[in-house]
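S.K.: Need coordinates for the below:
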Amino acid sequence: MLKQVIEMIELLDDSAVNGEKVKDFLTKRGLEDISIKEIKGKTGKTDFIKIVIPGKNGKIKGGDCPTLGIIGRLGGIGARPERIGYVSDGDGACAALSCALKLGDMKQKGDILDGDVIISTHICPNAPTEPHDPVPFMGSPVDMQTMNKMEVDPSMDAILTIDTTKGNRVFNHRGFAITPTVKDGYILRISDDLVSIMEIATGKPAQVLAITTQDITPYGNDLYHINSLMQPCTATSSPVVGVAITTETAVPGCATGASHEIDIEVTSRFALEVAKSFGRNQCKFYDEQEWERIIKLYGSMEHLKTLGRRN
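M.R.: This is a model prediction of the structure:
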């Protein structure tokens, strides 16, 4: 998928890029169901883009194969005028859109997945930045609740959320890592199926990113979050797995010249392989029987999807 990644970075590294330009590019490569919506916030605007790729036996065509959601998480693909060019934070969008581009190319060659795939992200070339320890975060012109509303689709039976996760000192590996599965306030065991797909895609042992209870609570509660990687889990009951694009050192999300095409490529290729297997019911994000027992023993933890108790 390196060709698709390079093409997508070239498209996104543009001070005037917007959702319509991305839509036009993807349409020419065989994708048809693409929607764009501009949302304005206090510090600017962004274009949310959603690409729906029907499967041979997916729900769109009346089939029963499950639907995978792939969300590209980010504050923005650029921090202009503070920073010139494409920023590291854009890698989540690039990975998700590269996956869409590859699916379009596959469709034109006659390769269609069994289940539907829904890919969503947003395009903002001039997002704000904000302070964060140990390195500055990319901000966003819209709030997290709006992002979740626009990017999390009720049709997604499981979600991979891809986000640049370089601005920390707790994970020191260049490439990507997956998180445990999160569902309705529970951090569940790591999916064996996803570990297997990751090891096949990378040719290396699986890398797992540790997440905390704080990370799966919504933004806005004044708690520390490693980043926005797990925020979709606060807006759905479907299982969510974070796919973190990582580095060996702490790299600011607003840094330019800090993206590695090879790392984005293997991340996108992993997401594509998950889509292939999940649509054929050959990849489980969690164990349904164990989930039922957890709920029976310990009850609901969905309060962690809220802002908590307020005085």
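S.K.: contacts for the one helix or strand in the chain whose mean pLDDT sits lowest?
M.R.: Lowest by mean pLDDT, DSSP states H and E among the helices and strands of the chain is strand 137-138, with a mean of 80. With contacts defined as C-beta atoms under 8 Å, 6 or more residues apart in numbering, strand 137-138 is touched by 74-76, 79, 87, 89, 127-131, 167, 227, 252-254. Just so you know, the C-beta spots here come from the backbone N, C-alpha and C atoms, and that holds for glycine as well.
S.K.: Mind doing that once more with 6 Å?
M.R.: Contact with strand 137-138 is made by Gly75, Gly76, Asp89, Ala127, Thr129, Glu130, Gly253, Cys254, as judged by C-beta atoms under 6 Å, 6 or more residues apart in numbering.
S.K.: which residues in the stretch 51-200 of the chain form strands?
M.R.: Here the stretch 51-200 of the chain has its strands, by DSSP state E, counting those that start in this stretch, at 68-73, 117-123, 129-130, 137-138, 158-164, 175-178, 182-183, 186-187.
S.K.: Now tabulate these in TSV and tack on distance to Glu10 and mean neighbour count.
M.R.: TSV is the format used below for the strands of the stretch 51-200 of the chain (distance: least, C-beta to C-beta, whole Å; neighbours: other C-beta atoms under 10 Å):
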stretch	distance to Glu10	mean neighbour count
strand 68-73	17	30
strand 117-123	14	28
strand 129-130	24	16
strand 137-138	21	24
strand 158-164	18	28
strand 175-178	22	22
strand 182-183	34	24
strand 186-187	38	20
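S.K.: which stretch among the ones you listed comes nearest Leu26?
M.R.: For Leu26, the closest of these is strand 117-123, at 9.7 Å, according to C-beta to C-beta.
S.K.: So which elements touch that closest one?
M.R.: On a contact count with 3 or more C-beta pairs under 6 Å, 6 or more residues apart in numbering; DSSP states H and E, strand 117-123 meets strand 44-53, strand 68-73, helix 91-108.
S.K.: Deepest in the core, which of those is it.
M.R.: Ranked by mean neighbour count under mean count of other C-beta atoms under 10 Å, the helices and strands packed on strand 117-123 are led by strand 68-73, which reaches a mean of 30.
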